[in-house]
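> Sharing a sequence plus its predicted fold:
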Amino acid sequence: MCSDPNKVIDVTKAVQDVILRIYRWDSSGTWGEDGRLVDYKVPVPSGMTILDALIWIKANLDHTLSWRAACRMGVCGSCGMFIHGKPLLACQTQVLKLHADVIEIRPLPNYPIVKDLVTDQSRMIDAHTRIKPYIIRTETPPEAIAGEFHQTEEELVRYLQFSYCLKCGLCMSACPTVASLQEFPGPQPLGQALRYVYDTRDEGFAERLQEIDNKFGIFRCHFAGACSEACPKGIDPAFAIQLLKKEIVKRAIMGCRTPESAGLMPAQQDNAVKAPNVPATPAFTVDQKK
Amino acid sequence: MKESRLWFWHLISGLALILLLGVHTVIQHFDSILTWLGFIPQAAWQSGGHLVGSLNFQHAVLPRMQSVSMTAVYLLLVVFGLFHGLYGLRSMIYELKFSAKAKQVVGVIILSIGIAAAVYGVYTVLAGHLNPPLGG
(Lines give C-alpha, C1' and ligand atoms only; values in the text may rest on other atoms or scores of the structure.)
Protein backbone atom coordinates (compact mmCIF):
# COMPACT_ATOMS: atom_id res chain seq x y z
CA MET A 1 0.00 0.00 0.00
CA CYS A 2 1.22 3.54 -0.72
CA SER A 3 3.16 5.15 2.12
CA ASP A 4 1.67 8.61 1.55
CA PRO A 5 -1.78 8.34 0.01
CA ASN A 6 -2.15 12.13 -0.17
CA LYS A 7 0.41 12.17 -2.96
CA VAL A 8 -1.74 9.78 -4.98
CA ILE A 9 -5.21 10.96 -4.03
CA ASP A 10 -5.49 14.67 -4.78
CA VAL A 11 -8.59 15.90 -2.98
CA THR A 12 -7.90 19.56 -3.76
CA LYS A 13 -9.97 19.08 -6.91
CA ALA A 14 -12.91 17.63 -4.99
CA VAL A 15 -16.25 18.22 -6.65
CA GLN A 16 -18.46 16.94 -3.84
CA ASP A 17 -18.36 15.89 -0.19
CA VAL A 18 -19.73 12.41 0.35
CA ILE A 19 -20.45 10.68 3.65
CA LEU A 20 -19.06 7.15 3.79
CA ARG A 21 -21.06 5.29 6.43
CA ILE A 22 -18.75 2.43 7.31
CA TYR A 23 -19.46 -0.61 9.45
CA ARG A 24 -16.97 -0.94 12.31
CA TRP A 25 -16.49 -4.02 14.45
CA ASP A 26 -13.62 -5.71 16.20
CA SER A 27 -13.33 -8.71 18.46
CA SER A 28 -12.34 -6.61 21.47
CA GLY A 29 -15.78 -4.97 21.51
CA THR A 30 -14.63 -1.39 20.80
CA TRP A 31 -17.69 -0.83 18.62
CA GLY A 32 -20.14 -2.88 20.68
CA GLU A 33 -21.18 -6.48 20.33
CA ASP A 34 -22.97 -5.96 16.99
CA GLY A 35 -20.66 -3.29 15.64
CA ARG A 36 -21.64 0.21 14.57
CA LEU A 37 -21.93 2.37 11.47
CA VAL A 38 -19.56 5.35 11.59
CA ASP A 39 -19.80 8.37 9.27
CA TYR A 40 -16.71 9.78 7.53
CA LYS A 41 -16.94 12.89 5.39
CA VAL A 42 -14.75 12.57 2.31
CA PRO A 43 -14.00 15.27 -0.31
CA VAL A 44 -14.41 13.38 -3.56
CA PRO A 45 -12.64 14.39 -6.79
CA SER A 46 -13.67 12.95 -10.11
CA GLY A 47 -12.45 9.38 -10.55
CA MET A 48 -12.00 8.60 -6.84
CA THR A 49 -12.83 4.99 -6.09
CA ILE A 50 -14.23 3.62 -2.86
CA LEU A 51 -10.79 2.14 -2.20
CA ASP A 52 -9.18 5.56 -2.70
CA ALA A 53 -11.72 7.02 -0.27
CA LEU A 54 -10.93 4.34 2.33
CA ILE A 55 -7.20 5.02 1.95
CA TRP A 56 -7.87 8.75 2.37
CA ILE A 57 -9.94 8.11 5.50
CA LYS A 58 -7.20 5.93 6.97
CA ALA A 59 -4.56 8.57 6.24
CA ASN A 60 -6.55 11.59 7.37
CA LEU A 61 -9.44 10.67 9.64
CA ASP A 62 -9.12 7.28 11.31
CA HIS A 63 -6.05 5.10 11.09
CA THR A 64 -7.80 2.20 12.87
CA LEU A 65 -10.07 1.44 9.90
CA SER A 66 -9.33 -1.98 8.37
CA TRP A 67 -10.04 -3.50 4.99
CA ARG A 68 -8.28 -5.85 2.62
CA ALA A 69 -6.80 -4.68 -0.70
CA ALA A 70 -3.77 -5.28 -2.86
CA CYS A 71 -3.62 -4.56 -6.59
CA ARG A 72 -6.01 -1.56 -6.86
CA MET A 73 -6.97 -2.55 -10.40
CA GLY A 74 -9.53 -5.32 -10.27
CA VAL A 75 -7.11 -8.18 -10.64
CA CYS A 76 -6.42 -9.57 -7.19
CA GLY A 77 -10.02 -9.71 -5.93
CA SER A 78 -9.06 -8.68 -2.39
CA CYS A 79 -11.17 -5.57 -1.88
CA GLY A 80 -14.66 -7.06 -2.14
CA MET A 81 -17.14 -5.34 0.16
CA PHE A 82 -20.85 -4.59 0.41
CA ILE A 83 -21.07 -1.10 -1.08
CA HIS A 84 -24.36 0.76 -1.25
CA GLY A 85 -26.32 -2.50 -1.02
CA LYS A 86 -24.32 -4.53 -3.53
CA PRO A 87 -21.25 -6.77 -3.35
CA LEU A 88 -18.62 -4.85 -5.34
CA LEU A 89 -14.87 -4.45 -5.65
CA ALA A 90 -13.89 -1.20 -3.89
CA CYS A 91 -11.14 -0.54 -6.45
CA GLN A 92 -13.57 -0.73 -9.38
CA THR A 93 -16.36 1.36 -7.85
CA GLN A 94 -16.16 5.10 -8.36
CA VAL A 95 -17.73 7.14 -5.58
CA LEU A 96 -19.44 9.69 -7.83
CA LYS A 97 -20.92 7.02 -10.06
CA LEU A 98 -23.02 5.79 -7.13
CA HIS A 99 -24.89 9.14 -7.26
CA ALA A 100 -25.41 9.28 -3.50
CA ASP A 101 -24.55 11.76 -0.75
CA VAL A 102 -24.33 8.96 1.79
CA ILE A 103 -22.77 5.59 0.88
CA GLU A 104 -23.03 2.69 3.25
CA ILE A 105 -20.12 0.23 3.23
CA ARG A 106 -20.30 -3.08 5.05
CA PRO A 107 -18.24 -6.27 5.01
CA LEU A 108 -19.33 -8.92 2.51
CA PRO A 109 -22.37 -10.90 3.70
CA ASN A 110 -22.16 -14.69 4.17
CA TYR A 111 -18.66 -14.52 5.68
CA PRO A 112 -17.57 -14.20 9.30
CA ILE A 113 -16.10 -10.75 10.05
CA VAL A 114 -12.48 -10.49 11.14
CA LYS A 115 -12.45 -6.71 11.67
CA ASP A 116 -14.37 -3.80 10.15
CA LEU A 117 -14.54 -4.59 6.40
CA VAL A 118 -12.23 -7.61 6.53
CA THR A 119 -13.96 -10.97 6.21
CA ASP A 120 -12.77 -14.52 6.74
CA GLN A 121 -13.03 -16.28 3.36
CA SER A 122 -12.01 -19.73 4.60
CA ARG A 123 -15.35 -21.26 3.59
CA MET A 124 -14.82 -20.36 -0.07
CA ILE A 125 -11.14 -21.29 -0.07
CA ASP A 126 -11.85 -24.65 1.60
CA ALA A 127 -14.63 -25.50 -0.88
CA HIS A 128 -12.42 -24.33 -3.75
CA THR A 129 -9.63 -26.60 -2.52
CA ARG A 130 -11.99 -29.57 -2.25
CA ILE A 131 -12.99 -29.41 -5.93
CA LYS A 132 -9.29 -29.81 -6.84
CA PRO A 133 -8.70 -26.69 -8.91
CA TYR A 134 -5.87 -28.05 -10.98
CA ILE A 135 -5.37 -30.34 -13.98
CA ILE A 136 -5.65 -33.98 -12.89
CA ARG A 137 -3.93 -36.59 -15.05
CA THR A 138 -3.72 -40.33 -14.69
CA GLU A 139 -0.05 -40.46 -15.59
CA THR A 140 2.07 -41.38 -12.60
CA PRO A 141 4.25 -39.87 -11.51
CA PRO A 142 3.10 -36.47 -12.87
CA GLU A 143 6.73 -35.81 -13.79
CA ALA A 144 6.27 -38.48 -16.45
CA ILE A 145 4.42 -35.90 -18.53
CA ALA A 146 7.15 -34.67 -20.84
CA GLY A 147 5.90 -32.04 -23.23
CA GLU A 148 2.93 -29.84 -23.96
CA PHE A 149 -0.68 -30.93 -24.31
CA HIS A 150 -2.46 -30.39 -27.57
CA GLN A 151 -5.49 -28.12 -27.28
CA THR A 152 -7.32 -26.40 -30.10
CA GLU A 153 -8.50 -22.80 -29.93
CA GLU A 154 -12.12 -23.98 -29.73
CA GLU A 155 -11.28 -26.22 -26.79
CA LEU A 156 -9.57 -23.33 -25.03
CA VAL A 157 -12.42 -20.90 -25.65
CA ARG A 158 -14.88 -23.38 -24.14
CA TYR A 159 -13.49 -22.88 -20.63
CA LEU A 160 -11.57 -19.60 -20.99
CA GLN A 161 -14.37 -17.38 -19.64
CA PHE A 162 -14.59 -19.46 -16.46
CA SER A 163 -10.83 -19.32 -15.91
CA TYR A 164 -10.96 -15.55 -15.30
CA CYS A 165 -12.18 -16.06 -11.71
CA LEU A 166 -10.42 -13.74 -9.22
CA LYS A 167 -11.58 -15.66 -6.12
CA CYS A 168 -12.90 -12.32 -4.84
CA GLY A 169 -15.88 -14.11 -3.29
CA LEU A 170 -18.51 -11.56 -4.37
CA CYS A 171 -20.57 -14.38 -5.91
CA MET A 172 -20.56 -16.24 -2.59
CA SER A 173 -21.82 -13.17 -0.74
CA ALA A 174 -24.65 -12.70 -3.27
CA CYS A 175 -25.79 -16.34 -3.27
CA PRO A 176 -29.00 -17.02 -1.30
CA THR A 177 -28.15 -20.73 -0.98
CA VAL A 178 -24.73 -19.97 0.53
CA ALA A 179 -26.59 -17.76 3.02
CA SER A 180 -29.00 -20.49 4.07
CA LEU A 181 -27.13 -23.77 3.56
CA GLN A 182 -23.80 -23.97 5.37
CA GLU A 183 -22.71 -27.16 3.58
CA PHE A 184 -23.30 -25.79 0.05
CA PRO A 185 -19.98 -25.27 -1.78
CA GLY A 186 -21.16 -22.07 -3.47
CA PRO A 187 -20.91 -20.58 -6.95
CA GLN A 188 -17.17 -19.89 -6.96
CA PRO A 189 -15.99 -23.50 -6.36
CA LEU A 190 -18.73 -24.95 -8.58
CA GLY A 191 -17.88 -22.56 -11.40
CA GLN A 192 -14.24 -23.54 -11.09
CA ALA A 193 -15.17 -27.22 -11.10
CA LEU A 194 -16.70 -26.64 -14.54
CA ARG A 195 -13.60 -24.77 -15.65
CA TYR A 196 -11.54 -27.94 -15.09
CA VAL A 197 -14.22 -30.37 -16.28
CA TYR A 198 -14.32 -28.43 -19.56
CA ASP A 199 -10.54 -28.43 -19.89
CA THR A 200 -9.59 -31.15 -22.38
CA ARG A 201 -6.29 -31.74 -20.56
CA ASP A 202 -8.11 -32.77 -17.38
CA GLU A 203 -9.06 -36.32 -16.36
CA GLY A 204 -10.45 -35.59 -12.90
CA PHE A 205 -14.22 -35.59 -13.54
CA ALA A 206 -14.92 -38.62 -11.33
CA GLU A 207 -12.82 -37.24 -8.45
CA ARG A 208 -14.61 -33.90 -8.51
CA LEU A 209 -17.98 -35.59 -8.82
CA GLN A 210 -17.61 -36.99 -5.30
CA GLU A 211 -17.33 -33.45 -3.95
CA ILE A 212 -20.21 -31.90 -5.85
CA ASP A 213 -22.74 -34.68 -6.46
CA ASN A 214 -24.12 -35.02 -2.94
CA LYS A 215 -27.24 -33.90 -1.13
CA PHE A 216 -25.74 -30.53 -0.16
CA GLY A 217 -23.85 -30.11 -3.42
CA ILE A 218 -24.48 -28.60 -6.84
CA PHE A 219 -28.14 -29.64 -7.01
CA ARG A 220 -29.06 -27.31 -4.16
CA CYS A 221 -28.45 -24.35 -6.50
CA HIS A 222 -31.85 -23.00 -7.46
CA PHE A 223 -30.54 -20.66 -10.12
CA ALA A 224 -31.26 -17.32 -8.48
CA GLY A 225 -28.52 -15.90 -10.72
CA ALA A 226 -27.34 -13.37 -8.11
CA CYS A 227 -23.77 -14.72 -8.40
CA SER A 228 -23.62 -13.80 -12.07
CA GLU A 229 -24.90 -10.31 -11.37
CA ALA A 230 -22.26 -9.82 -8.70
CA CYS A 231 -19.28 -11.22 -10.63
CA PRO A 232 -16.93 -8.32 -11.50
CA LYS A 233 -15.36 -10.29 -14.36
CA GLY A 234 -18.56 -11.41 -16.08
CA ILE A 235 -17.73 -15.06 -15.54
CA ASP A 236 -21.38 -15.99 -15.09
CA PRO A 237 -21.05 -18.65 -12.37
CA ALA A 238 -24.80 -19.38 -12.50
CA PHE A 239 -24.44 -20.41 -16.14
CA ALA A 240 -21.36 -22.46 -15.26
CA ILE A 241 -23.34 -24.33 -12.60
CA GLN A 242 -26.14 -25.16 -15.04
CA LEU A 243 -23.57 -26.37 -17.59
CA LEU A 244 -21.96 -28.52 -14.90
CA LYS A 245 -25.36 -30.01 -13.98
CA LYS A 246 -25.83 -30.85 -17.66
CA GLU A 247 -22.37 -32.39 -17.83
CA ILE A 248 -23.07 -34.53 -14.73
CA VAL A 249 -26.39 -35.73 -16.15
CA LYS A 250 -24.76 -36.51 -19.49
CA ARG A 251 -21.76 -38.37 -18.14
CA ALA A 252 -22.95 -39.85 -14.82
CA ILE A 253 -26.58 -40.66 -15.66
CA MET A 254 -27.07 -40.90 -19.40
CA GLY A 255 -23.78 -42.80 -19.65
CA CYS A 256 -22.31 -40.51 -22.30
CA ARG A 257 -18.66 -41.29 -22.77
CA THR A 258 -16.21 -38.89 -21.14
CA PRO A 259 -14.39 -37.17 -23.99
CA GLU A 260 -10.87 -38.35 -24.59
CA SER A 261 -8.40 -36.11 -22.85
CA ALA A 262 -5.81 -34.14 -24.73
CA GLY A 263 -2.63 -35.92 -25.69
CA LEU A 264 0.86 -34.55 -25.83
CA MET A 265 2.05 -32.49 -28.75
CA PRO A 266 4.36 -34.39 -31.07
CA ALA A 267 8.01 -33.77 -30.43
CA GLN A 268 9.47 -31.03 -32.57
CA GLN A 269 11.12 -32.33 -35.69
CA ASP A 270 14.77 -31.56 -36.16
CA ASN A 271 14.14 -30.31 -39.67
CA ALA A 272 11.18 -28.08 -38.65
CA VAL A 273 11.36 -24.63 -40.21
CA LYS A 274 10.76 -21.70 -37.92
CA ALA A 275 8.24 -19.12 -39.08
CA PRO A 276 9.93 -15.96 -40.33
CA ASN A 277 10.09 -12.74 -38.27
CA VAL A 278 9.66 -14.53 -34.97
CA PRO A 279 12.06 -12.96 -32.46
CA ALA A 280 14.53 -15.25 -30.78
CA THR A 281 13.69 -16.58 -27.34
CA PRO A 282 15.37 -14.37 -24.71
CA ALA A 283 18.21 -15.91 -22.78
CA PHE A 284 17.43 -17.51 -19.43
CA THR A 285 17.95 -15.15 -16.53
CA VAL A 286 19.02 -18.05 -14.33
CA ASP A 287 21.61 -20.61 -15.31
CA GLN A 288 19.97 -23.81 -16.57
CA LYS A 289 21.64 -26.75 -14.87
CA LYS A 290 21.43 -29.90 -16.89
CA MET B 1 -29.11 -43.07 -4.77
CA LYS B 2 -26.80 -40.35 -6.00
CA GLU B 3 -28.13 -36.82 -5.78
CA SER B 4 -27.73 -36.32 -9.53
CA ARG B 5 -30.13 -39.22 -10.20
CA LEU B 6 -32.70 -37.87 -7.74
CA TRP B 7 -32.43 -34.41 -9.31
CA PHE B 8 -32.72 -35.89 -12.80
CA TRP B 9 -35.92 -37.70 -11.82
CA HIS B 10 -37.16 -34.48 -10.23
CA LEU B 11 -36.88 -32.87 -13.68
CA ILE B 12 -38.47 -35.85 -15.43
CA SER B 13 -41.32 -36.00 -12.91
CA GLY B 14 -41.87 -32.25 -13.34
CA LEU B 15 -42.26 -32.66 -17.07
CA ALA B 16 -44.45 -35.73 -16.60
CA LEU B 17 -46.67 -33.82 -14.17
CA ILE B 18 -47.35 -31.15 -16.77
CA LEU B 19 -48.62 -33.88 -19.10
CA LEU B 20 -50.45 -35.96 -16.50
CA LEU B 21 -52.07 -33.02 -14.72
CA GLY B 22 -53.02 -31.71 -18.14
CA VAL B 23 -54.84 -34.96 -18.92
CA HIS B 24 -56.45 -34.98 -15.47
CA THR B 25 -57.54 -31.34 -15.67
CA VAL B 26 -59.00 -31.60 -19.15
CA ILE B 27 -60.88 -34.81 -18.45
CA GLN B 28 -62.08 -34.01 -14.94
CA HIS B 29 -62.68 -30.29 -15.01
CA PHE B 30 -62.98 -29.18 -18.62
CA ASP B 31 -65.65 -31.68 -19.63
CA SER B 32 -67.88 -28.85 -20.83
CA ILE B 33 -65.10 -27.81 -23.22
CA LEU B 34 -64.75 -31.42 -24.39
CA THR B 35 -68.49 -31.42 -25.05
CA TRP B 36 -68.20 -28.17 -26.97
CA LEU B 37 -65.38 -29.70 -29.01
CA GLY B 38 -67.61 -32.69 -29.76
CA PHE B 39 -65.73 -35.34 -27.75
CA ILE B 40 -68.77 -35.86 -25.48
CA PRO B 41 -72.22 -36.08 -27.12
CA GLN B 42 -74.70 -33.44 -25.89
CA ALA B 43 -77.21 -36.25 -25.35
CA ALA B 44 -75.02 -37.80 -22.66
CA TRP B 45 -75.40 -34.64 -20.54
CA GLN B 46 -79.18 -34.67 -20.91
CA SER B 47 -79.43 -38.29 -19.74
CA GLY B 48 -77.06 -37.58 -16.82
CA GLY B 49 -74.72 -40.35 -17.84
CA HIS B 50 -71.77 -38.97 -19.78
CA LEU B 51 -68.75 -41.04 -18.96
CA VAL B 52 -65.85 -38.63 -19.06
CA GLY B 53 -65.54 -35.99 -16.37
CA SER B 54 -68.74 -36.37 -14.44
CA LEU B 55 -68.81 -37.15 -10.72
CA ASN B 56 -71.65 -39.62 -11.29
CA PHE B 57 -70.12 -42.65 -9.58
CA GLN B 58 -71.99 -45.36 -11.37
CA HIS B 59 -71.73 -43.96 -14.87
CA ALA B 60 -68.49 -41.98 -14.78
CA VAL B 61 -66.21 -42.48 -11.75
CA LEU B 62 -66.26 -46.25 -11.65
CA PRO B 63 -65.76 -46.75 -15.41
CA ARG B 64 -62.89 -44.26 -15.22
CA MET B 65 -61.32 -46.16 -12.33
CA GLN B 66 -61.66 -49.42 -14.25
CA SER B 67 -60.22 -48.02 -17.47
CA VAL B 68 -56.66 -49.25 -18.01
CA SER B 69 -55.45 -46.00 -19.56
CA MET B 70 -56.87 -43.83 -16.76
CA THR B 71 -55.47 -46.22 -14.15
CA ALA B 72 -52.04 -45.82 -15.74
CA VAL B 73 -52.41 -42.04 -15.74
CA TYR B 74 -53.34 -42.00 -12.04
CA LEU B 75 -50.62 -44.45 -11.01
CA LEU B 76 -48.02 -42.28 -12.71
CA LEU B 77 -49.62 -39.17 -11.22
CA VAL B 78 -49.36 -40.62 -7.70
CA VAL B 79 -45.74 -41.70 -8.06
CA PHE B 80 -44.44 -38.65 -9.93
CA GLY B 81 -46.52 -36.18 -7.89
CA LEU B 82 -45.29 -37.59 -4.59
CA PHE B 83 -41.67 -37.79 -5.70
CA HIS B 84 -41.64 -34.30 -7.18
CA GLY B 85 -43.35 -32.71 -4.18
CA LEU B 86 -41.39 -34.52 -1.49
CA TYR B 87 -38.02 -34.02 -3.19
CA GLY B 88 -38.82 -30.32 -3.44
CA LEU B 89 -39.85 -30.28 0.22
CA ARG B 90 -36.61 -32.00 1.23
CA SER B 91 -34.58 -29.44 -0.75
CA MET B 92 -36.32 -26.59 1.06
CA ILE B 93 -35.93 -28.17 4.48
CA TYR B 94 -32.22 -28.74 3.84
CA GLU B 95 -31.79 -25.00 3.53
CA LEU B 96 -33.14 -24.38 7.01
CA LYS B 97 -30.49 -23.79 9.61
CA PHE B 98 -30.10 -26.93 11.66
CA SER B 99 -27.51 -29.65 11.95
CA ALA B 100 -26.56 -32.02 9.11
CA LYS B 101 -27.57 -34.96 11.33
CA ALA B 102 -31.06 -33.51 11.88
CA LYS B 103 -31.34 -33.01 8.13
CA GLN B 104 -30.49 -36.68 7.67
CA VAL B 105 -33.36 -37.59 10.02
CA VAL B 106 -35.70 -35.28 8.10
CA GLY B 107 -34.65 -37.03 4.88
CA VAL B 108 -35.58 -40.43 6.33
CA ILE B 109 -38.93 -39.10 7.63
CA ILE B 110 -39.78 -37.63 4.21
CA LEU B 111 -38.83 -40.90 2.51
CA SER B 112 -41.08 -42.84 4.94
CA ILE B 113 -43.98 -40.44 4.34
CA GLY B 114 -43.43 -40.81 0.60
CA ILE B 115 -43.47 -44.62 0.69
CA ALA B 116 -46.58 -44.73 2.93
CA ALA B 117 -48.42 -42.19 0.78
CA ALA B 118 -47.41 -44.02 -2.41
CA VAL B 119 -48.74 -47.34 -1.08
CA TYR B 120 -52.02 -45.71 -0.04
CA GLY B 121 -52.27 -43.80 -3.33
CA VAL B 122 -51.60 -46.88 -5.46
CA TYR B 123 -54.20 -48.85 -3.47
CA THR B 124 -56.75 -46.06 -4.03
CA VAL B 125 -56.07 -46.00 -7.77
CA LEU B 126 -56.35 -49.80 -8.02
CA ALA B 127 -59.49 -49.93 -5.86
CA GLY B 128 -61.69 -49.84 -8.95
CA HIS B 129 -60.02 -53.04 -10.16
CA LEU B 130 -59.77 -54.76 -6.78
CA ASN B 131 -63.33 -54.21 -5.50
CA PRO B 132 -66.59 -55.25 -7.20
CA PRO B 133 -68.73 -52.37 -8.52
CA LEU B 134 -71.17 -51.00 -5.96
CA GLY B 135 -74.90 -51.10 -6.55
CA GLY B 136 -74.62 -53.65 -9.42
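The structure has been received and is ready for your questions. Just so we're clear, the structure is a prediction, and the values are computed from it rather than from any experiment.
> Write out the residues of the stretch 101-250 of chain A neighbouring chain B.
Residues of the stretch 101-250 of chain A found near chain B (CB under 8 Å from any CB of the partner chain) are A:177, A:180-183, A:213-217, A:219-220, A:222, A:245, A:248-249. (C-beta placed from N, C-alpha, C; glycine too.)
> helix or strand right after the lowest-mean-pLDDT helix or strand in chain A?
The helix or strand of chain A with the poorest confidence is helix A:5-8; it has a mean of 56 (mean pLDDT, DSSP states H and E). Remark: after helix A:5-8, the chain's next helix or strand is strand A:14-24, criterion DSSP states H and E.
> what does that following strand contact?
For strand A:14-24, the external contacting residues (CB atoms under 8 Å, 6 or more residues apart in numbering or on different chains) are A:30-31, A:35-46, A:50, A:53-54, A:57, A:65, A:95-96, A:100-107, A:116-117.
> How about stretch A:174-187?
The contact list for stretch A:174-187, computed with CB under 8 Å, 6+ apart, reads A:87, A:109-110, A:123-124, A:127, A:130-131, A:171-172, A:211-212, A:216-218, A:220-222, A:224, A:226-227, A:229-230, A:237-238, A:240-241, B:94-97, B:100.
> Report the buried members of those residues.
By neighbour count, with 16 or more other CB atoms under 10 Å in any protein chain shown, the contacts of stretch A:174-187 hold A:87, A:110, A:123-124, A:127, A:131, A:171-172, A:211-212, A:216-218, A:220-221, A:226-227, A:230, A:237-238, A:240-241, B:94-95 as buried.
> show me where pLDDT drops low in the stretch 151-290 of chain A?
A:268-270, A:272, A:274, A:288-290 (pLDDT under 70).
> Residue ranges in chain B under the pLDDT threshold?
Checking chain B against pLDDT under 70 turns up B:1, B:42-56, B:58-59, B:131-136.
> where do the helices sit along it?
Secondary structure of chain B (DSSP state H): helices at B:3-29, B:31-37, B:42-47, B:62-66, B:68-94, B:100-130.
> what is the mean pLDDT for stretch A:74-82?
Average pLDDT, stretch A:74-82: 96.
> and that stretch, which residues are buried?
For stretch A:74-82, by 16+ other CB under 10 Å, it's A:74, A:76-82.
> which two from these end up farthest apart in space?
A:C76 and A:F82 (18.3 Å; CB to CB).
> which residue sits closest to the residue nearest in space to the middle of chain B in space, ignoring its chain neighbours?
Nearest to the geometric centre of chain B sits B:L77, at 3.1 Å (CA atoms, centre = their mean). Using CB to CB, 6 or more residues apart in numbering or on different chains and skipping the chain neighbours, the partner closest in space to B:L77 is B:L20 (4.6 Å).
> Ok, A:V38 next?
A:V38's closest residue in space is A:R24 (CB to CB, 6+ apart), at 5.1 Å.
> Burial check on the one you found, number of neighbours?
18 (other CB atoms under 10 Å in any protein chain shown).
> cool, and A:L181?
For A:L181, the count of nearby residues is 20 (other CB under 10 Å).
> Which of the contacts of stretch A:174-187 fall within helices?
A:123-124, A:127, A:130, A:171-172, A:211-212, A:226-227, A:229-230, A:237-238, A:240-241, B:94, B:100.
> what are the bridge partners for A:V18, then?
Note on A:V18: beta-bridge partners A:V42, judged by DSSP bridges.
> quick one: A:T200 and A:E153 touch, right?
No - between A:T200 and A:E153 there is no contact under CB atoms under 8 Å: 11.7 Å.
> out of the two, which sits in the more crowded spot?
The neighbour comparison of A:T200 against A:E153 (other CB under 10 Å) goes to A:T200, with 19 against 8.
> Next, that one: secondary structure please.
coil (DSSP: H, G, I helix; E, B strand; the rest coil).
> contacting residues for it?
A:T200 touches A:149, A:151, A:155, A:259, A:261-262, counting by CB under 8 Å, 6+ apart.
> quick one on the thing from earlier: isn't the residue nearest to B:L77 right up against B:V73?
Yes - assessed by CB under 8 Å, B:L20 is found in contact with B:V73 at 5.9 Å.
> Wait, A:G147 touches A:R201, no?
No - using CB under 8 Å, A:G147 is not in contact with A:R201, being 11.8 Å away.
> So for these two, which residue has more residues nearby?
Neighbour totals were compared for A:G147 and A:R201, and A:R201 leads with 18 against 11 (other CB under 10 Å).
> wait, isn't that one in contact with A:F149?
Yes - under the criterion of CB under 8 Å, A:R201 makes contact with A:F149 at 4.5 Å.
> what residues do the two have in common as contacts?
A:A262.
> any idea how far B:K101 is from the closest residue to A:R21 other than its chain neighbours?
Nearest non-adjacent residue to A:R21, counting by CB to CB, 6+ apart: A:E104, 4.6 Å away. For A:E104, the distance to B:K101 equals 39 Å [CB to CB, to the nearest Å].
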